[in-house]
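Undergrad: could you look at this predicted model? Sequence included:
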Amino acid sequence: MTLELKENPTLQDFQNYVLQMKQERGFNTTDKFYECCLLAEECGELISAIRKNSKKGSIGSGSTAGNIAEELADVFIYICSLANMHNIDLEQAFRDKEEKNKLRTWKRL
């Protein structure tokens, strides 16, 4: 089967694509703890890329600044994967959470 993400995908389309991609490539689709570990690693890579690309960032010899867009995409893939493993519709989860957030009082310190 050929992986293809349709034009103007919904969040559910992304979740479906990630599941199909992981199945086709033989990646983990059931071990939730392992997937959380992989997500944490990717979050670390994202943080490193942002730090190295910032004006205050430093890069050691032999090191390069990471690609923030690629690291964000990796984090997104693992978030979709974890949602799939927990049978969570991310769009609905987002909508539900935002409705709760709208009722909160926000203040800046």
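TA: Arrived safely.
Undergrad: just how off-centre is the helix-or-strand element of the chain with minimal mean pLDDT within its chain?
TA: The weakest-scoring helix or strand in the chain, judged by mean pLDDT, DSSP states H and E, is helix 32-53 (a mean of 95). Offset of helix 32-53 from its chain centre (CA atoms, centre = their mean, to the nearest Å): 9 Å.
Undergrad: I'd like the next helix or strand past it.
TA: helix 68-85 (DSSP states H and E).
Undergrad: the following helix or strand past that following helix vs helix 68-85, what angle?
TA: Next in sequence after helix 68-85, counting helices and strands by DSSP H and E, comes helix 90-102. Here the directions of helix 90-102 and helix 68-85 differ by 100 degrees (axes from the mean of the first three to the mean of the last three CA atoms, to 10 degrees).
Undergrad: show me what helix 90-102 is packed against.
TA: helix 11-25, helix 68-85 (3 or more CB pairs under 8 Å, 6 or more residues apart in numbering; DSSP states H and E). Where you see a C-beta, it was placed from the backbone N, CA and C, and this is true even at glycine.
Undergrad: return the set of buried residues in the first one.
TA: The neighbour-count check on helix 11-25 (16 or more other CB atoms under 10 Å) flags 14, 15, 16, 17, 18, 19, 22 as buried.
Undergrad: got TSV for these, with distance to residue 41 and pLDDT too?
TA: Converted to TSV, those look like this (distance: CB to CB, whole Å; pLDDT from 0 to 100):
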residue	distance to residue 41	pLDDT
14	20	98
15	21	98
16	24	97
17	21	98
18	17	98
19	20	97
22	16	98
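Undergrad: closest one of these to residue 4?
TA: The closest of the buried residues of helix 11-25 to residue 4 turns out to be residue 17 (CB to CB; 8.1 Å).
Undergrad: fine by me, thanks again.
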